[in-house]
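Novice: let's see this in three dimensions:
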Amino acid sequence: MISRVPRSKRFVSALAGAGAFAFGVFVLPSLAGDPFRSNNPRSIGTITQQAFDAIFLEGNYREAAEGLLPQATAREPNEPLVYAMQASIAYTHWQGNKKDTALLAEVKSNATKTLEAAEKLKATDSMRGNLYTAVSHGLEAATILEEEGSVRGAAKALGKLQQVYGFLDAAEKEAPQDPELNLIKGWMDLLIAVNLPFSDPTQAIARLEKASPSYLAARGIAIGHRDLKNYDEALQHVDRALQAAPNNPELHYLKAQILVRQAEKNKQTDQRNAAKASFQTALSKPERLPKALVAQIFFEYCRNQRRIDNKERNCDGKRDQIRDDPASRWGPTASQLPGLD
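Specialist: Numbers count the residues shown, from 1 in each chain. I've put the predicted structure just below:
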């Protein structure tokens, strides 16, 4: 039983995307406020769609959190995706400051609101209602593990996790080809497959290939190939995602990670220099990102530079300087980032 519990954390990571978790080759047009479907769009809501694009297309978490999502809550209060995105942002912030119990309370509150909206949605859109009921239980499972630990919270988290899969199965029975379903379930299945022994990611990758928006599907496949050490395939898919979402800092960060791992495998400085450029692009507008994410990107950037010029740097201290700044939940401006020297 306990061996299955860590899946809930991977589920939340899949949902935010890096983190946040962490959602073709071209961006499908969004109709009727639907970021997932080019045909037969659902009435998700224009502001909700704008918030989704701000986070996942542009990587502007701050605009979504401080502007668009509060508007969506007021004007599109029955859409569960609104609360799922709010929970994901709060979870990302909390990962950088686990002493802040208010952030974890935000995750829990928005998980509850996701469930409430999903239950109402079942009357008019049973597939999406079941899908976001599953999402809400996944978020709750993660908070249980964070509050109670993976041993003491195992039984509760497993119960929630069983509900996640039950509602996902119900959603899939109604619309097995739906791109939104395949996006969320594909990310979850892929992250499980690459983290559990003897798991085969082939089916998860095939599911993501049926998902949209395409840049999020390609991003998920790239992460899967990165973790499987298939670096050429990972680069191909992250480049596809970047063609559609060139301004997204997390995609540039992902490309940098792949290049660093490729450099470690091949012992090539050129790949480290290419990674350096991708890290720098990822850090070009850090004030838009949660500071915990900025701190981690900067840390990996610093370590890569240390390997390039073989010069000692206090990368841990620079990371902590960003992460532990009490002034804001968001990253500093580019000019306020610590220097490497």
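
Novice: which helix or strand contains the closest residue to E312 other than its chain neighbours?
Specialist: Distances taken as Cβ to Cβ, 6 or more residues apart in numbering place R306 nearest to E312, at 7.0 Å, with adjacent residues excluded. Using the backbone N, CA and C atoms, a C-beta is placed for each residue, glycine as well. Secondary structure assignment for R306, by DSSP states H and E: helix 291-309.

Novice: which positions within whichever helix or strand comes after that helix qualify as buried?
Specialist: Of the helices and strands lying after helix 291-309 in sequence (DSSP H and E), the nearest is helix 315-323. Across helix 315-323, burial judged by 16 or more other Cβ atoms under 10 Å covers C315, K318, R319, I322, R323.

Novice: contact partners for the third one?
Specialist: In other words, R319. A295, Q296, F298, F299, C302 (Cβ atoms under 8 Å, 6 or more residues apart in numbering).

Novice: tell me the contacts of the closest residue to the last one other than its chain neighbours?
Specialist: Counting by Cβ to Cβ, 6+ apart, C315 is the residue found nearest to C302 once chain neighbours are left out, at 3.7 Å. With Cβ under 8 Å, 6+ apart as the criterion, the residues that contact C315 are F299, C302, R303, R306.

Novice: buried members of these into PyMOL, please.
Specialist: A single PyMOL command selects the buried members of the contacts of C315 (16+ other Cβ under 10 Å):
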select buried, resi 299+302+303
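
Novice: if we can go back for a sec, between the buried residues of helix 315-323, which sits nearest R288?
Specialist: Ranked by distance to R288 (Cβ to Cβ), these are led by I322 at 14.1 Å.

Novice: now for the residue nearest to the closest one when sequence neighbours are not counted, how many residues are close by?
Specialist: Excluding its sequence neighbours, the residue lying closest to I322 (Cβ to Cβ, 6+ apart) is A295, at 4.0 Å. Number of residues near A295 (other Cβ atoms under 10 Å) recorded here: 22.

Novice: for the nearest residue to T333 once chain neighbours are set aside, grab the count of nearby residues.
Specialist: Nearest residue to T333 in three dimensions, chain neighbours excluded: E287, at 5.0 Å (Cβ to Cβ, 6+ apart). The tally of other residues near E287 (other Cβ under 10 Å) stands at 15.

Novice: about what we covered before: give me the pLDDT for the residue nearest to C302.
Specialist: We have a pLDDT of 96 for C315.

Novice: about what we covered before: against Q280, how distant is the residue nearest to I322?
Specialist: 16 Å (Cβ to Cβ, to the nearest Å).

Novice: try L293
Specialist: Taken as Cβ to Cβ, the span from L293 to Q280 is 16 Å.

Novice: higher neighbour count, those two?
Specialist: Between L293 and Q280, counting by other Cβ under 10 Å, L293 is the more crowded of the two (29 against 13).

Novice: tell me which stretches of the stretch 101-250 of the chain form helices.
Specialist: Secondary structure of the stretch 101-250 of the chain (DSSP state H, counting those that start in this stretch): helices at 101-121, 126-152, 154-174, 179-195, 202-208, 214-227, 231-244, 249-266.

Novice: now the angle between helix 179-195 and the second one, please.
Specialist: In this case it means helix 126-152. Inter-element angle recorded for helix 126-152 and helix 179-195: 30 degrees (by axes from the mean of the first three to the mean of the last three Cα atoms, to 10 degrees).

Novice: what's in contact with stretch 245-253?
Specialist: With contacts defined as Cβ under 8 Å, 6+ apart, stretch 245-253 is touched by 17-19, 27, 56-59, 215, 219, 238, 241-242, 278-279, 281-286, 288-289, 293, 297, 300.

Novice: try it again at 7 Å.
Specialist: Stretch 245-253 has contacts (Cβ atoms under 7 Å, 6 or more residues apart in numbering) with 18, 57-59, 215, 219, 238, 241-242, 278, 281-282, 285, 289, 297.

Novice: let me know the closest of the residues you listed to H93.
Specialist: The closest of these, once distances to H93 are taken by Cβ to Cβ, is L289, at 10.6 Å.

Novice: A51 contacts L68, doesn't it?
Specialist: Yes: with contact defined as Cβ atoms under 7 Å, A51 counts as touching L68 (3.8 Å).

Novice: out of those two, which sits in the busier spot?
Specialist: Between A51 and L68, A51 has the larger neighbour count (other Cβ under 10 Å), namely 30 against 22.

Novice: show me the contacts for that one.
Specialist: By Cβ under 7 Å, 6+ apart, the contact list for A51 reads A64, L68, L69, A72, M85.

Novice: one more time with 8 Å
Specialist: A64, L68, L69, A72, V82, M85.

Novice: what comes up buried for stretch 242-254?
Specialist: L242, A244, A245, N248, P249, E250, L251, H252, Y253, L254.

Novice: identify the residue spatially nearest to the third one, adjacent ones excluded.
Specialist: Right, the one you point to is A245. Per Cβ to Cβ, 6+ apart, closest to A245 is Y215, 4.2 Å.

Novice: count of residues packed around that neighbour?
Specialist: 26.
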